[in-house]
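Colleague: Structure of the sequence below:
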Amino acid sequence: MADSFDLGEPVQPAKPEAYRVLARKYRPQTFAQLIGQDAMVTTLGNAIARDRLAHAFLMTGVRGVGKTSTARLIAKALNCIGPDGQGGPTIDPCGVCEPCRAIAEGRHIDVIEMDAASHTGVDDVREIIDASRYAAVSARFKIYIVDEVHMLSKNAFNALLKTLEEPPAHVKFLFATTEVNKVPITVLSRCQRFDLRRIPADKLAKHFAEVCEKEGVVAEPEALALIARAAEGSARDGLSILDQAIAHAGLEGGGVTADAVRQMLGLSDRGAVRDLFAMLLAGDSAGALGSLRRQYDYGVDPVAVLRALLETVHGVTLSKVGGTDDPAQAVEERAARTDWAARLSFPALHRLWQLLLKGHDEVAHAALPIEAAEMALLRVIHASSLPDPGELARRLAGAPDAAPAPAPAAPSPPPASTMPADFAALVDALDEGGQLALAARLRHGARLVRYAPPEIVFSGSRPIATDTLAELAAALKGMTKQVWKLSLDDVPGEPTLNERQLAADAAERQAMLDTPLVRAALAAFPDAELEWPNQRSSA
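Modeller: Residues are numbered from 1 along each chain as shown. Sure thing, here's the model as predicted:
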């Protein structure tokens, strides 16, 4: 008789754990892990410590800044009982007690999450109202988390108002929305509102570096900075891009590189953008078109190139006015922008911005995007050689009536000894030279104490901004080829040029009113008005 063997139940191989994307895996589990929202955390901590908890909270902000995560953290904070089961509400939930673990896993019977996008009707709200009358089963508070609350219908909002204003003591409402303007004001007035901010790019890059370290992934700092900028303040968007970048890196062990991220996102290389911008300023048409075509051949969207150029003009302008540097920006980028800021005037930067902005809109809607982008760049290059409005007005004023004027030769620099006769003539010269904004600031805000070229003393009782004095000194040096000394003295000074003009206009108008003919006309017609240039005043 053959031996028999009892093999028992076959052993099943263990199933590998399903992969969780980084945005879910690294969702904040404590308020300390919630980045970029320090003001809200401080407010909530003080409210819990002083037992001044609102009955309804509204979290608003752009996608991915932590609205739903914050709602869950508040639910934890209010229902945490501590590791020993004796704790109370706390801004630092333990994460190990049964309520904390159940809320984190989404299975707590007293924490009800509802998606308002799929439960928009008044019947869905009526269920909440009916259930809110009953006490919590096992938790301290019964909490309703309503995501995308702005999707509720008007009737649903109205049905919720009474319960939202006077809910039972054991009920808390936590609302989250990306479009707070669609939430009725009657609901907003019943909630304690928290506006969650966009997360700064430097904090996102630091967070992504910590995630890469935990995941055992090597990533270049520049690559993480690119991902942080592309995330536009959203942690979830950034982690999704990082997930994609890690997958894009493959198994070769090279890690996440900046070039790979640019290629993956279709971003234009910052070095190529700087070179292209320099070619635009130099008027190099062939070089600019060649650079644009090379980026297009690499797969970069022409709209992205125009957007990068707009960012460059914006960054140069901020650098010129003394704005703070972006910590996520490369050193080369900051150096280039500082150099351009020193060489470009505000009118030139504003013109570049307008031309590139118009080109961006055209390319975005063009049937031939790359051709539209080339034409936009050529327009920028050729517009740079056009005269400004002040120069054009001078040319038109000096042209003879009989025949069109020939192209004027480049104006020779004025001799060093040529100085404006008085301060008004100096402001007029600045105006004619294209310094329209500077001339306007001087005309309306400068009180003169002494004008003795090349020295000007202004009144300190109505101080002029330091950057205005620096801009005036540079403009005068370029106009007269001499270094001017500009200072402030703490004396009243003369009226401004605009005040003088207004006084002269008022005197002239009064003189006209005092003439016998006008007095007789006004006496005959009491409701008549005297119209004056640039103003209309009652007689």
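
Colleague: make it CA atoms for all contacts and neighbour counts henceforth
Modeller: Noted.

Colleague: Quick one: the helices in the stretch 401-539 of the chain, in order.
Modeller: Applying DSSP state H, counting those that start in this stretch to the stretch 401-539 of the chain gives helices spanning 423-432, 436-445, 466-480, 497-513, 516-524.

Colleague: Out of those, which gets nearest to residue 302?
Modeller: Residue 302 sits nearest to helix 436-445 of all the helices of the stretch 401-539 of the chain, at 33.5 Å, using CA to CA.

Colleague: Show me what that closest one is packed against.
Modeller: With contacts taken as 3 or more CA pairs under 8 Å, 6 or more residues apart in numbering; DSSP states H and E, helix 436-445 sits against helix 423-432, helix 466-480, helix 497-513.

Colleague: Name the surrounding residues that touch it.
Modeller: With contacts defined as CA atoms under 8 Å, 6 or more residues apart in numbering, helix 436-445 is touched by 427-428, 430-431, 462, 464, 468, 471-472, 496-499.

Colleague: For that helix, output the C-alpha coordinates as PDB.
Modeller: Provided in PDB are the C-alpha atoms of helix 436-445 (Å, rounded to 0.1, in the frame of the first residue of the first chain):
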ATOM      1  CA  LEU A 436       8.000 111.200 -19.100                       C
ATOM      2  CA  ALA A 437       7.400 109.500 -15.700                       C
ATOM      3  CA  LEU A 438      10.400 111.300 -14.100                       C
ATOM      4  CA  ALA A 439       9.300 114.700 -15.400                       C
ATOM      5  CA  ALA A 440       5.800 114.100 -14.100                       C
ATOM      6  CA  ARG A 441       7.100 113.200 -10.600                       C
ATOM      7  CA  LEU A 442       9.200 116.300 -10.500                       C
ATOM      8  CA  ARG A 443       6.500 118.600 -11.900                       C
ATOM      9  CA  HIS A 444       4.000 117.400  -9.200                       C
ATOM     10  CA  GLY A 445       6.100 116.600  -6.200                       C
END
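
Colleague: Buried residues in the host helix or strand of residue 212, which are they?
Modeller: Per DSSP states H and E, residue 212 falls inside helix 201-215. Across helix 201-215, burial judged by 16 or more other CA atoms under 10 Å covers 201, 202, 203, 204, 205, 206, 207, 208, 209, 211, 212.

Colleague: Wait, the second one touches residue 226, no?
Modeller: By that I understand residue 202. No: counting by CA atoms under 8 Å, residue 202 stays clear of residue 226, with 10.5 Å between them.

Colleague: what separates residue 488 from residue 123, distance-wise?
Modeller: 72 Å (CA to CA, to the nearest Å).

Colleague: Neighbour count: those two, which is higher?
Modeller: residue 488 (18 against 13; other CA atoms under 10 Å).

Colleague: and stretch 136-145, which residues are buried?
Modeller: Of the residues in stretch 136-145, those buried (16+ other CA under 10 Å) are 136, 139, 140, 141, 142, 143, 144, 145.

Colleague: Dump those residues to JSON lines, plus distance to residue 455, pLDDT and secondary structure.
Modeller: Output for these, formatted as JSON lines (distance: CA to CA, whole Å; pLDDT from 0 to 100; DSSP: H, G, I helix; E, B strand; the rest coil):
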{"residue": "136", "distance to residue 455": "80", "pLDDT": "86", "secondary structure": "coil"}
{"residue": "139", "distance to residue 455": "78", "pLDDT": "86", "secondary structure": "coil"}
{"residue": "140", "distance to residue 455": "76", "pLDDT": "89", "secondary structure": "coil"}
{"residue": "141", "distance to residue 455": "74", "pLDDT": "90", "secondary structure": "coil"}
{"residue": "142", "distance to residue 455": "75", "pLDDT": "91", "secondary structure": "strand"}
{"residue": "143", "distance to residue 455": "72", "pLDDT": "92", "secondary structure": "strand"}
{"residue": "144", "distance to residue 455": "71", "pLDDT": "92", "secondary structure": "strand"}
{"residue": "145", "distance to residue 455": "69", "pLDDT": "92", "secondary structure": "strand"}
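
Colleague: where along the stretch 201-350 of the chain do the strands fall?
Modeller: For the stretch 201-350 of the chain, strands defined by DSSP state E, counting those that start in this stretch do not occur.

Colleague: where does it dip in pLDDT?
Modeller: Along the stretch 201-350 of the chain, segments meeting pLDDT under 70 span 250-254, 266-269, 323-331.

Colleague: what do you get for the chain?
Modeller: In the chain (pLDDT under 70), the answer is 1-17, 250-254, 266-269, 323-331, 384-418, 461-463, 466, 528, 530-539.

Colleague: who's in contact with the helix holding residue 212?
Modeller: 26, 35-36, 218-219, 221, 224-225, 227-229, 232-233, 235, 238-239, 242, 327-328.

Colleague: Need the winner for burial among the helices and strands packed on helix 436-445.
Modeller: helix 423-432 (a mean of 17; mean count of other CA atoms under 10 Å).

Colleague: Which strands and helices lie in contact with that helix?
Modeller: Other elements packing on helix 423-432 under the criterion 3+ CA pairs under 8 Å, 6+ apart are helix 389-398, helix 436-445.

Colleague: coming back round to it: with respect to residue 102, which of the helices of the stretch 401-539 of the chain lies nearest?
Modeller: helix 466-480 (59.2 Å).

Colleague: For that closest one, C-alpha coordinates in CSV please.
Modeller: Only the C-alpha atoms of helix 466-480 are listed here, as CSV (Å, rounded to 0.1, in the frame of the first residue of the first chain):
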residue,chain,number,x,y,z
THR,A,466,15.7,108.1,-3.1
ASP,A,467,15.2,106.2,-6.3
THR,A,468,13.7,109.3,-8.0
LEU,A,469,16.9,111.3,-7.0
ALA,A,470,19.1,108.5,-8.4
GLU,A,471,17.1,108.3,-11.6
LEU,A,472,17.2,112.1,-12.0
ALA,A,473,21.0,112.2,-11.5
ALA,A,474,21.5,109.5,-14.1
ALA,A,475,19.2,111.3,-16.6
LEU,A,476,20.9,114.7,-16.1
LYS,A,477,24.3,113.1,-16.5
GLY,A,478,23.2,111.6,-19.8
MET,A,479,21.7,114.9,-21.0
THR,A,480,24.4,117.3,-20.0
